[in-house]
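quick one, structure for this:
(2 chains)
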Amino acid sequence: MQINTPFFKQRAHDALADENLQKALGNLKAGFPEKRAIAVDRMPEFEELRNQGRDLKNHILEHLDLYIEQFESKVIENGGQVHWARTAEDANQIILDLCKQVDAKTVTKGKSMVTEEIGLNDFLEANGVQPVETDLGEYILQLREDHPSHIIAPAIHLNLEDVSEAFHEHHKRPKSDDPAVLMQEAREVLRDKFVAADVGITGANFCVAETGSTIIVTNEGNGDLTQTLPKTHIVVTSIEKVVPTLEDMTLFLRLLARSATGQEFTVYNTLSTGPRREGDQDGPENFHVVLVDNGRSEMVGSEFQDMLRCIRCSACMNHCPVYGAVGGHSYGWVYPGPMGSVLTPQMIGIEKGGMLPNASTFCGKCESVCPVKIPLPKLMRHWREDEFQKHLQPKAARYGLAGWAFMAKRPALYKPYARMASWFMKRLAGKKGRIKKLPLAGGWTDWRDMPAPQGTTFMKAWKEQQKNGEQP
Amino acid sequence: MVNHMPNSSSGPRVGLFVTCLADMFRPSVAFATVKLLEQAGCSVEVPERQTCCGQPAFNSGDRKTTADIARQTIDAFDGYEYVVGPSGSCIGMLHYYPEVFDPSDSYYQRALNLKSRSFEITSFLFDVIGANALQEQLKLLQFNHKVTYHDSCSGLRQMGIKQQPRQLLQQVQGVELEEMEEAETCCGFGGTFCVKYPEISNRMVSNKTDYISNTGAHTLLGGDLGCLLNMAGKLKREGKQVEARHVVEILAGMTDIPAIGEADYDLAQQL
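Numbers count the residues shown, from 1 in each chain, chains lettered A, B, ... in the order given. Got it, this is the predicted structure:
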C-alpha cells in the first residue's frame, strides 16, 4: 500500500474540513466507547483480566520461539502446512504460489489487517488472481477502491449515501438507501463469490500452540464461508498472535470483545484445526498458515516489545481525541490511531513515519483503555527519542528546544529571561488582558488568544515579598 | 492581604515547585498555593535553583537535557519533607525522573525519593494533610457561581486526581459544580503539540469550549495552567462569557484577581 504518512498534516487538514467524514467520526465517538464502558461496568474483574492479559502476553513474548514452534508442529501434525515469511514480499509470493498450485482464479477473503499490511490484494490482482473481500465493510471499500480507516470497522469513514452509490454503480440494481435492502444485496452478490472461490484467505486473531488451531472472531459469519467452502484455506497471520493454550485464548476473547465493540462475546468465534478429516462434513482439503514477521522479531527484546502485546481491538483509536478529529486515513498507511503511531514507524521506518508518534498530546486515554496495558504514550516517546538522536525533527523545533534547554539549565539566566518575557507579553496585551497575535507563536494565536501574564514572575514577586515580609 | 511570616509554622517543611507557567504567566496561582500550604500548617520555602520540570525536553525525545534538568531539580529540592506544586502535569514529570536515570546512577535513588514526596497541591491537601484539614478556612469563603471542572490528563490518569479538587471545592460556600460532557477528554494543549499540530489542537479545544459553555457555568476550573491557558484563550477568541481560573484561586479566596485572560492586572505594580 502506498505510504502517505509523511503528508499527515495535509491529510489531517483535509479531514478536518471534510463534513461527511466529520459526521461519520461523530458516529464512532458515540458508538464504541460508550458500549465498551457499559460492558466494562458489568464486569468487576475486568481490571484483573487486563493485568492477566498483560502478564500472559509478556510471558509469551519471552518464550515466543518456543510457542510459535510448538504451534507449527501441531499444525503439521494436524495435516496442515506452515510457511514462514520474513518480509511482506516473501508473504505475498508464498500466498501467490499457493494460489497458483490450485490454479486459483478467485479467492475470497475474510477481514485481515495483516493482508493490508503486506498489500496482498494489489499483488494478487497484478498476478492474475482476483481477491474478493467478504467482510461487508471491506467489500464496500473494495468496490470504491478504498482502504480501511479503522482496524475493526474498516468503512467507518463512510456514510450510508456512499454505500448506496457504490452498490448502485457496481451491482446495477435500483438505488436504495435502506440499510436492510443494501445488506440483502451484498449477501446475494457475495453468495455466488463464496461458491465460486478456489481459495479462501482469512487472518487469525490467535494461534493456539497446544492444538495448532487458529481462530477468527467476526460478527458477520463471512469468515466461516470464506474458510469452509473453498478447497484451500490460507491463514495469513503474524508471529505474535500465538497463545499457549485454548484456555489462554478464552482470556483474550473476553478482553477483545469488550474492548472492541462492548460485546460480551463476538458473534462468531471460529476455530480452524487442520484440513478436513475423514468423516468431516465440510472444510478445506488444504490448510496453510503463513506466519508473517515483517519487522516484528526486531521488536522482541527492544524498547518496543510491549507493542507486540496488541490484540488489535481498536480501543486505543476509538478513545483517541486525535483519531476522533482526523480519522484513520490521515495516518497515511495501514494502522491508524495510537497503536498505528507506534507500529507504523517500525514497519515503514521512522524517517517516513515520524509524523505519527508526534501527533499525540500524550493524554494517556489510549493506555487507560488498552486491554493488555500497552504504554502507548511511552512507546511514542521512544520514537521521538529515536528521531532526536537521528536529528530528524524540523530545524526550528530542534533549535527552539536547544535554546530553551540552555536557559532551563541555568537558573541565574532563566529568571531574568522569564521576567523579561512576562513583562514583554504584558506590554503587548495592553489593557485587554490577552494577546491576539504573538510573534513566533502563530500556531497558538492563529486559533486562540494568548492570555496575558501578570507582568512579573513569581520568583521575583516572592523575593520582594520576603524582603517586605508580606504577600502582594 | 494577610501577613504571612515565612517559617513560622511547626508543620512539615514544604518546597514549592512553582512550575514555569505559574512563574511566568500567573504568579497568583503560586501565591495561592503558598497560602493554602501555610493554612494547612506547612512552612513553605521556594528553592532558588528551580526552573522548569523538563517536560518539553522529555516529550521531545531529548533524554540528556531531561536528565540534566532532573538532576538540577533533585538537587534544588533536597531535604524538603514534601515538594508541592500547582500542576498534575509538572509534578507528574517529577514522577518520571526515575525513568531517565540508569539504576546504577546515584541520581536514580534520589529520583525515586523525590517521587515519593512530591505532590500536586489538591492531592497534597486532600490525601496527605487530610480531607478536612482546611475545613475552617474553606467554609469562610464564598463563591456564588456555577463552576465546571476540567480534568487535566496527567493529573487524572497519571496522578489519580479526580475527587480531591471537587471535595475541597464543595467546602466553599456557594459553589455549584456542574460537570461538563467529556470532562476527562484532553483539551488539545499537549505542550508543544498545540503549536506543532495547531489545527488538530484547535478542533480538540473547540470541542472542549462547546462542552464548557453547554454547562452554563460562570467559571471553568482546572488544576493545570497549560490546559487553562489553552481553554481560556479559545473561550476568549470565541467570545464565550466563561471565566477560567486555577482551582487554587478559589480555595485560597483569591478571586479578586482578574480571571485568566481577563482585564488588566499588573502584579509588578502591587509590589
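
from now on I want contacts and neighbour counts done on CA atoms only, so please keep to that.
Will do.

what helix or strand does B:V84 sit in?
Here B:V84, judged by DSSP states H and E, is contained in strand B:82-85.

in its sheet, what does that strand sit against?
On the basis of DSSP bridges, the sheet neighbours of strand B:82-85 come out as strand B:13-16 (parallel), strand B:118-120 (parallel).

list the helices and strands the helix or strand of chain B with the lowest mean pLDDT packs on?
Between all helices and strands in chain B, the lowest mean by mean pLDDT, DSSP states H and E belongs to helix B:267-270, at a mean of 76. Of the remaining helices and strands, none touches helix B:267-270 by 3 or more C-alpha pairs under 8 Å, 6 or more residues apart in numbering or on different chains; DSSP states H and E.

and residue 136, how many neighbours?
Let's take chain A. Using other C-alpha atoms under 10 Å in any protein chain shown, A:L136 is surrounded by 20 other residues.

look at chain B instead
Neighbour count of B:E136, defined by other C-alpha under 10 Å: 11.

next one: A:F458
A:F458 has 29 nearby residues by other C-alpha under 10 Å.

that one and B:A22 touch, don't they?
Yes: if you go by C-alpha atoms under 8 Å, A:F458 and B:A22 touch, sitting 7.2 Å apart.

quick check: neighbours shared by the two?
The contact sets of A:F458 and B:A22 overlap at B:28, B:30 (C-alpha atoms under 8 Å, 6 or more residues apart in numbering or on different chains).

residues from the stretch 51-200 of chain B in reach of chain A?
B:51-52, B:54, B:56-57, B:59-63, B:65, B:68-69, B:72, B:153-154, B:157, B:185-186, B:188-191, B:193-200 (C-alpha under 8 Å from any C-alpha of the partner chain).

so of the residues you listed, which ones are in helices?
B:56-57, B:59, B:63, B:65, B:68-69, B:72, B:153, B:193-196, B:198-200 (DSSP state H).

verify the contact between A:V217 and A:Q263 for me.
No: at 11.9 Å, A:V217 does not count as touching A:Q263 under the criterion of C-alpha under 8 Å.

more crowded one of those two?
A:V217 (23 against 19).

with adjacent residues omitted, what lies nearest to the more buried one?
Counting by C-alpha to C-alpha, 6 or more residues apart in numbering or on different chains, A:V217 lies nearest to A:N269, which is 4.5 Å off, once chain neighbours are set aside.

adding mean neighbour count, write the strands paired with strand B:82-85 out as a markdown table.
Listed next are the strands paired with strand B:82-85 as a markdown table, based on neighbours: other C-alpha atoms under 10 Å in any protein chain shown:
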| stretch | mean neighbour count |
| --- | --- |
| strand B:13-16 | 23 |
| strand B:118-120 | 25 |
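
would you reformat those as TSV and include mean pLDDT?
Formatted as TSV, the strands paired with strand B:82-85 follow (pLDDT from 0 to 100):
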stretch	mean pLDDT
strand B:13-16	98
strand B:118-120	98
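
nearest to A:Q52, of those strands?
strand B:118-120 (30.3 Å; C-alpha to C-alpha).

which residues does the helix or strand just after the closest one contact?
Using DSSP H and E, the helix or strand that follows strand B:118-120 in sequence is helix B:121-123. For helix B:121-123, contacts defined as C-alpha under 8 Å, 6+ apart pick out B:33, B:84-87, B:161, B:164-165, B:168, B:248.

ok, the residues you listed vs chain A, which is closest?
Taking C-alpha to the nearest C-alpha as the measure, chain A lies nearest B:T33 of the contacts of helix B:121-123, at 11.6 Å.

isn't A:C316 up against A:C366?
Yes: A:C316 is within contact range of A:C366, at 4.3 Å (criterion: C-alpha under 8 Å).

give me the distance from the host helix or strand of B:Q167 to the chain's centre.
Using DSSP H and E, B:Q167 sits within helix B:163-169. Here the centre of helix B:163-169 is set off from its chain's centre by 14 Å, with C-alpha atoms, centre = their mean, to the nearest Å.

what about it, average pLDDT?
Per-residue pLDDT over helix B:163-169 has a mean of 98.

name the SS class of the closest residue to B:L37 other than its chain neighbours, please.
Closest residue to B:L37 apart from its sequence neighbours, by C-alpha to C-alpha, 6+ apart: B:V44 at 7.1 Å. B:V44 falls in the strand class when you classify it by DSSP: H, G, I helix; E, B strand; the rest coil.

quick one: the closest residue to A:D449 other than its chain neighbours and B:V242, what's the gap?
Nearest residue to A:D449, sequence neighbours excluded (C-alpha to C-alpha, 6+ apart): B:G233, at 4.3 Å. Distance of B:G233 to B:V242, computed by C-alpha to C-alpha, to the nearest Å: 11 Å.

ok, the two, which is more surrounded?
Taking other C-alpha under 10 Å, B:G233 and B:V242 do not tie; B:G233 has more neighbours (27 against 18).

give me the neighbour count for residue 153.
Chain wasn't specified; assuming chain A. 17.

wrong one, I was asking about chain B
So B:C153, with other C-alpha under 10 Å, has 25 neighbours.

also the one 5 residues further on?
B:Q158 has 17 neighbours, counted by other C-alpha under 10 Å.

excluding sequence neighbours, find me the nearest residue to it.
Per C-alpha to C-alpha, 6+ apart, closest to B:Q158 is B:G92, 6.8 Å.

fine by me, thanks again.
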